[in-house]
Each structure stands twice: as structure tokens, then as C-alpha cells.
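Asker: got a predicted structure here, sequence first:
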Amino acid sequence: MPAVDKLIAGHQRFIKGYYEQNKHKLSKLAKQGQSPKIAIISCSDSRVDPTTILDCEPGDLFVIRNVANLIPPCESSDSLHGTSAAIEYAVMDLKVESIIVLGHTNCGGIKALMDTSPCSTPETFTSKWMQQLKGVRTEVLEHNHKSENSCYHECEEKGIIHSLNNLMTFPWIKERVEAGKLYVHGWHYDLDNGSLYAKSKNSDEFEQIG
Ligand SMILES: [Zn+2]
């Protein structure tokens with residue numbers, strides 16, 4: 001079966017199943033609008049669908065996805081800032097209570113960053129996007145002399161922390177976090193066994209939460 005036909009068949013099952021059973025809720029969401037309490041930034045990786053791995057339903061999560069779940073710093077250039085625009089909408093309009101940066105193991109974007117020297121990298125959209133973490137890459141290579149896998153893992157976690165720090169460069173986020181009106185979290189999901197880890201509040205260590 002072609003991949004697209006599989007989706008159309010899936011939609012039919014959705015209509016007969018979930019949609020039919022939740023008609024009232026979905027109709028209310030359509031009429032009244034969404035009011036998710038959580039915005040989540042995750043990787044575009046097909047294995048890390050936040051709604052699936054966190055067992056959520058339509059209306060629960062405002063999901064922003066990009067390569068390697070990166071949040072660029074607040075900038076006022078004329079470039080098109082897709083991720084920043086989505087975060088702005090989540091915070092200013094939807095008034096979410098929490099923002100979660102969700103990274104994961106075996107991240108292709110992180111692996112490409114770690115495996116390729118910035119000097120030899122062709123200028124693609126992806127390589128330029130991943131260069132946001134070039135400082136993190138250098139730091140990991142300088143301090144991590146263990147296995148390749150442990151370098152990737154360290155870079156994934158440091159990438160999450162980098163994005164959390166960048167979140168605070170948006171003045172309207174910093175202000176809300178300092179006032180206790182908005183919470184930010186860094187999570188790391190293990191593709192192999194489904195475990196979930198969260199960055200500790202007081203250190204850069206990640207602790208298992210699920
Ligand atoms: Zn990824």
C-alpha cells in the first residue's frame with residue numbers, strides 16, 4: 001500500500017473511532033478555540049511524536065517541531081523566525097503555563113553536527129540551522145573523551161539546555177518565568193526504552209521522571 005493511502009485509511013479509522021467517540025469535545029474545541037496549557041518544542045523526528053509518547057489528546061499540547069528541537073535566540077532581524085513566532089503565539093496569545101523542550105536519543109541532527117567539522121560542512125539549510133550549537137559541539141568534543149554515543153548523548157542534553165537559555169532571551173518569557181507565571185522544562189526521551197528524563201532545577205544533570 002502506498003504510504004499516502006495508509007494515511008487515508010488511517011483517517012477513516014480515526015473518523016469511525018476517536019472522532020465518533022469524542023465528537024462533543026472536538027466540536028467544542030472547534031467552536032471555542034484551543035487553550036492548551038503546555039507548549040512543547042520537539043524534534044521533527046518521526047519517532048518522537050509528543051502527542052503519542054505523552055499520551056495526549058487534541059487540544060492538550062501546542063506543538064512546535066523543528067530539526068533537533070532548537071530554540072534560536074530572540075533576534076530582531078528581517079529573517080523569518082518560524083520557531084520564535086510559534087513560541088510568541090503560545091506565550092502571548094494562548095498564555096501557556098509551561099514550555100517544554102523535548103530532546104531525544106539518536107537525534108539525526110545532533111549526530112550530523114557532531115560528525116561533521118563546521119569547516120567542511122556544505123552550506124545547507126540544515127547545517128546552518130545546526131550551527132546554532134557549534135559552541136556546544138566544541139564544548140562536548142573538548143570535554144567528552146568517551147564513546148561516540150556518549151558524545152551524541154551529551155550534545156543532545158547540552159542542546160536542550162542551550163535552548164532553555166535561549167528561551168530566556170525573549171523578554172516576555174524572562175519576565176513571566178521570574179514572576180512565577182511560566183515554567184520551562186528540559187526533557188530528554190530515550191527512543192530505545194521509552195524512558196523520560198528531566199533536567200534538574202539546580203544542576204545540568206538529567207533525572208529520570210518516567
Ligand atoms: Zn532529533
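Answerer: Cool, the structure landed. Source: prediction; values computed, not measured.
Asker: shouldn't Leu191 be within a strand?
Answerer: No. Secondary structure of Leu191 (DSSP: H, G, I helix; E, B strand; the rest coil): coil, not part of a strand.
Asker: residues near it, how many?
Answerer: 14 (other C-beta atoms under 10 Å). Any C-beta I mention is one placed from the backbone N, CA and C, and that applies to glycine too.
Asker: so what does the residue nearest in space to the middle of the chain have for phi and psi?
Answerer: Nearest to the mean C-alpha position of the chain, counting by C-alpha atoms, centre = their mean, stands Ser42 at 2.0 Å. Phi and psi for Ser42, reported as degrees, to the nearest 10, are phi -130, psi 170.
Asker: could you check how far it is from Lys25?
Answerer: 24 Å (C-beta to C-beta, to the nearest Å).
Asker: residues in contact with Lys25?
Answerer: 57, 59 (C-beta atoms under 8 Å, 6 or more residues apart in numbering).
Asker: tell me which element it falls in.
Answerer: helix 23-32 (DSSP states H and E).
Asker: report the buried residues of that helix.
Answerer: Residues Leu26 are the ones in helix 23-32 that count as buried (16 or more other C-beta atoms under 10 Å).
Asker: what's next to the longest helix seen in the chain, contact-wise?
Answerer: Secondary structure of the chain per DSSP state H: the longest helix is helix 148-167. Residues outside helix 148-167 that contact it (C-beta under 8 Å, 6+ apart) are 41, 68-74, 87, 99, 101, 103-107, 110-111, 113-114, 132-133, 135-137, 139-141, 143-144, 173, 184, 186-188, 199, 204, 206.
Asker: so of those, which ones are in helices?
Answerer: Short answer: the contacts of helix 148-167 in helices (DSSP H) are 87, 110-111, 113-114, 135-137, 139-141, 143, 173.
Asker: ok, now how distant is Thr124 from the ion?
Answerer: 16 Å (C-beta to the ion, to the nearest Å).
Asker: can you count the residues close to that residue?
Answerer: Using other C-beta under 10 Å, the number of residues around Thr124 comes to 10.
Asker: please tell me how far it sits from Val67.
Answerer: 11 Å.
Asker: picking up where we left off before, give me the buried subset of the contacts of helix 148-167.
Answerer: Buried residues within the contacts of helix 148-167, counting neighbours by 16+ other C-beta under 10 Å: 41, 68-72, 74, 87, 99, 101, 103-107, 110-111, 113-114, 132-133, 136-137, 140, 144, 173, 184, 186-188, 199, 206.
Asker: run through those residues and flag the ones next to the ion.
Answerer: Cys107 (C-beta under 5 Å from the ion).
Asker: what's the local residue count around Thr169?
Answerer: Residues near Thr169, counting by other C-beta under 10 Å, number 14.
Asker: got a list of what Cys196 touches?
Answerer: Cys isn't right for residue 196; it's Leu. The contact partners of Leu196, by C-beta under 8 Å, 6+ apart, come to 53, 187-190, 208-210.
Asker: sorry, back to before: can I get the helix holding Lys25 in CSV? Just the C-alpha atoms.
Answerer: The C-alpha trace of helix 23-32 is given here as CSV (Å, rounded to 0.1, in the frame of the first residue of the first chain):
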residue,chain,number,x,y,z
LYS,A,23,-17.4,14.4,18.8
HIS,A,24,-18.7,16.7,21.5
LYS,A,25,-15.2,17.6,22.8
LEU,A,26,-13.8,18.1,19.3
SER,A,27,-16.8,20.3,18.3
LYS,A,28,-16.4,22.4,21.5
LEU,A,29,-12.7,22.8,20.7
ALA,A,30,-13.5,23.9,17.2
LYS,A,31,-16.1,26.5,18.4
GLN,A,32,-14.4,27.8,21.5
